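Enquirer: Sequence unavailable; structure follows:
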């Protein structure tokens with residue numbers, strides 16, 4: 001509890017610096033490119049087109065999923081994944097990326113994953129706004145279920161910020177851990193029902209339930225609950241409780257790891 005209180009105090013005390021560094025990280029990402037901020041849209045758009053073409057045209061998949069065009073079903077899962085992917089890969093390296101804040105300044109280590117997450121979340125917000133516009137243009141305007149979207153976005157932010165703190169600390173101690181995380185990203189993507197419908201697994205109910213307990217799957221399905229499935233967050237209490245337990249355990253592990261390693265990190269990064 002003492003470490004948790006200390007982390008909270010650091011975030012309150014350095015709140016202005018956190019948002020300034022988040023903005024700086026966002027600007028730095030697209031600085032120097034001729035198209036600048038347009039790459040925040042172009043790169044995801046190209047990826048979505050490749051997935052759509054592969055599954056809709058190449059593999060001749062279903063034209064509709066639960067009454068919605070396959071393209072809308074696809075982007076409602078892939079767009080949230082972009083933020084998750086950035087946090088899994090980039091979040092693991094964020095303390096090393098901003099090592100000068102640790103070695104040359106007295107900046108609290110616990111806040112580095114936070115401003116990195118805020119930076120990526122800003123892009124996530126922009127992409128979500130574009131996705132809502134696409135739904136409207138294609139004749140599927142928002143309804144009352146969209147009111148729970150901020151809840152899933154908050155859960156996603158909390159989960160991956162906590163993961164980033166945990167993973168970035170271990171990545172400082174061992175580059176092998178960072179390489180391990182990067183090697184597992186592809187497996188997480190394909191096993192989380194992001195580009196295939198997990199609800200079609202009717203013959204193996206235990207495997208379907210196991211996959212739904214996967215935090216990435218739960219969050220992706222949560223976003224789709226707002227746009228495609230039209231269900232409320234409390235209608236699946238078991239998976240909600242399972243996710244919250246995993247979230248609390250992850251936060252506890254992150255705090256414990258921070259308490260154990262925070263004094264060693266500056267020496268390791270020097």
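Expert: Yep, it's here. This structure is a prediction, so every number in the text was calculated from the model and none was measured.

Enquirer: so residue 259 touches residue 4, yeah?
Expert: No: the pair formed by residue 259 and residue 4 falls short of the contact definition of C-beta atoms under 8 Å, at 9.3 Å. All C-beta atoms are positioned from the backbone trio N, CA, C, and that covers glycine.

Enquirer: Show the subsequent helix or strand relative to the worst-scoring helix or strand of the chain on mean pLDDT.
Expert: Lowest on mean pLDDT, DSSP states H and E among the helices and strands of the chain sits strand 64-65, with a mean of 73. Proceeding C-terminally, strand 64-65 gives way to strand 68-69 as the next helix or strand, assigned by DSSP states H and E.

Enquirer: Summarise which helices and strands the helix or strand following that next one is packed against.
Expert: Following strand 68-69 in sequence order, the next helix or strand is helix 70-92 (DSSP H and E). Secondary-structure packing of helix 70-92 (3 or more C-beta pairs under 8 Å, 6 or more residues apart in numbering; DSSP states H and E): helix 39-52, helix 112-137, helix 149-173, helix 175-191, helix 215-224.

Enquirer: Tell me how far the helix or strand harbouring residue 23 lies from the chain's centre.
Expert: Counting by DSSP H and E, the secondary-structure element that holds residue 23 is helix 15-30. Mean-position distance between helix 15-30 and its chain equals 18 Å (C-alpha atoms, centre = their mean, to the nearest Å).

Enquirer: Direction-wise, compare that helix with helix 39-52 and give the angle.
Expert: Counting by axes from the mean of the first three to the mean of the last three C-alpha atoms, to 10 degrees, helix 15-30 points 60 degrees away from the direction of helix 39-52.

Enquirer: Since that was my last question, I'll sign off now.
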